[in-house]
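Undergrad: this one's structure only:
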């Protein structure tokens, strides 16, 4: 059970969730391949150091992927990231101003973005490497619009 599911209020339901894209693993994988090539071809010590760094990159990406949650419920938008140091933003639908999307060329090719949830009062929660962002944003905006029109 994740943070979102364990912090739902009575009568609140999760409408949609966003996931972290698999592309967060690419730098670690590339570094690992370079380390293997260096280990076998050029210098074993330098290759071992690069492989160790690649494992750290992969571990960081894995922790980021499992510790980041972004969800829209029937009452709030909830964003949580971090494993040891936890950051959360929970905005009632009436406090959400916009969802901003920043997409690089690689993000456009592979389908991931940095999604920022902007709330009243200038509070913003940028979450990088969100998978299927347009679907999430559309579902979030439809949910927020329907809750505000009631």
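TA: Happy to help now that I have it. Given the structure is predicted, the values throughout are model-derived calculations rather than measurements.

Undergrad: so how far is the strand or helix carrying residue 28 off the chain centroid?
TA: Assigned by DSSP states H and E, residue 28 falls within helix 26-37. With C-alpha atoms, centre = their mean, to the nearest Å as the basis, helix 26-37 stands 23 Å off its chain's centre.

Undergrad: per the record, what domains does this structure have?
TA: With domains defined by automatic domain parsing, the chain comprises 3-20+71-148, 24-62.

Undergrad: And those domains, which one averages the lowest pLDDT?
TA: Mean pLDDT values for the domains of the chain show the minimum at domain 3-20+71-148, a mean of 88.

Undergrad: how long is that domain end to end?
TA: Terminal residues of domain 3-20+71-148 are spaced 25 Å apart (C-alpha to C-alpha, to the nearest Å).

Undergrad: what does stretch 38-49 give?
TA: Using C-alpha to C-alpha, the two ends of stretch 38-49 sit 10 Å apart.
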